[in-house]
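J.: Fold the following.
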Amino acid sequence: AAAAEAAAPPAVVAHRTAMQHADILALAGLRVDGRLPNEIRCIKYAFGVLPRYDGSASLEMGLTKVMVAVSGPQEPIRRSDARHDRGFITCSLHTAPFAGNERRRKRGASDRRSTDLEAAIANTFSSAVILSHYPRTQLHVIVHVLESDGGVLPACINAVSLALADAGVATTDLVVACAAARTADDRAVADPSQLEQSASSAYLPLAVLARSQSVLLARMDARLSLDGVEEVLEAALEGCRRVHREMDAAVRDRVARRLAAAAPEGGGGGEEG
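T.: Residues are numbered from 1 along each chain as shown. The predicted structure is shown next:
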């Protein structure tokens, strides 16, 4: 057996090793990247990454990387769009040609997907931003997807939440998002990677208000039993709770620093470095 293994081509040996690794992870109840079913990927973020905008932030969820800038509240680009009693939100999304699957996506399909994501982001935050505070104004959100490895929409929503906090925009609560999927081995997992998302029988991106858990966005086009839907939904909700724990303290600190910087001189000092 050892001689046969030594004689096998390197590609075959590598494939066998990968299969053995996957079998070991499956027996331990772990996913292909070693995470537990309800475990989210590592989150990294930064505020103020684009100083010339009113607010900005970058966010990474695993290998998915997003950068967001916020302009406004400002006078609408088209005055005919202004609403006398409230502001409105617009979104433009740009995906780098080197961002994961985008390099293999046809231009027409990519444009339709970007338009769909733009609408989903604008609609989500139109329900969370207190637009009555900003009559006759426009908030424009610019999203750049730099790397795509699954969960792009939730990553965009989380990054927009950070950028709005950086801009000092009033919201009813922090918006957090996470996806869940039903994998090939019939498990519900939180925050799937692109590999898991592509092989899943159902995929559910979810956005909620952090404290009330009120659902702002949920979309799933697969057919599942009621029990199956509840299982995937609970996995996504648990992912949202974990995202909230990661983001909450940082957002509170950023808002406090913004308020301190805006306070009159002598009434609280400026922002620390």
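
J.: C-alpha only now, for contacts and for neighbours.
T.: Will do.

J.: And the longest helix along the chain, how far out from the chain middle?
T.: Ordering each helix of the chain by length in residues (DSSP state H) puts helix 226-262 first. Taking CA atoms, centre = their mean, to the nearest Å, the mean C-alpha location of helix 226-262 is offset from the chain mean by 11 Å.

J.: Just the buried residues of that helix, please?
T.: Buried positions in helix 226-262, judged by neighbour count with 16 or more other CA atoms under 10 Å: 228-229, 231-244, 247, 250-251, 254-255, 257-258, 260-261.

J.: for the most centrally placed residue in the chain, what are its contacts?
T.: With distances taken as CA atoms, centre = their mean, the residue of the chain nearest its centroid is Ala155 (1.4 Å). For Ala155, the contact set (CA atoms under 8 Å, 6 or more residues apart in numbering) comprises 59-61, 64-66, 177-178.

J.: Same question for Leu233.
T.: 180, 204.

J.: before we move on, what about Ile89?
T.: 122, 125-126, 138-141.

J.: In strands only, show me the residues you listed.
T.: Counting by DSSP state E, these place 138-141 in strands.

J.: how deep is Gly87 tucked in, by neighbour count?
T.: 24 (other CA atoms under 10 Å).

J.: what residues are up against it?
T.: Under the criterion of CA under 8 Å, 6+ apart, the neighbours of Gly87 are 73, 131-139.

J.: Would you mind giving the dihedral angles phi and psi of it?
T.: With angles defined as degrees, to the nearest 10, Gly87 sits at phi -90, psi -180.

J.: so how far is Ala159 from it?
T.: Noted for Gly87: a distance of 21 Å to Ala159, by CA to CA, to the nearest Å.

J.: sec struct for the residue nearest to the centre of the chain, please.
T.: At Ala155 the chain is in helix, as set by DSSP: H, G, I helix; E, B strand; the rest coil.

J.: one step back: derive a PyMOL selection command for the buried subset of the ones in strands among the contacts of Ile89.
T.: Buried subset of the ones in strands among the contacts of Ile89, written as a PyMOL selection, criterion 16+ other CA under 10 Å:
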select buried, resi 138+139+140+141
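
J.: Columns distance to Ile43 and pLDDT on top of the ones in strands among the contacts of Ile89, output as CSV?
T.: Listed next are the ones in strands among the contacts of Ile89 as CSV, based on distance: CA to CA, whole Å; pLDDT from 0 to 100:
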residue, distance to Ile43, pLDDT
Gln138, 30, 93
Leu139, 26, 95
His140, 25, 96
Val141, 21, 97
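
J.: Now for the residue lying closest to Arg223 once chain neighbours are set aside: which residues touch it?
T.: Once flanking residues are discounted, Arg223 sits nearest to Ala202: 7.7 Å by CA to CA, 6 or more residues apart in numbering. Shown in contact with Ala202 (CA under 8 Å, 6+ apart): 181-183, 220-224.

J.: doesn't Val68 make contact with Leu164?
T.: No: here Leu164 lies out of contact with Val68, judged by CA atoms under 8 Å, at a distance of 9.3 Å.

J.: Much appreciated, bye for now.
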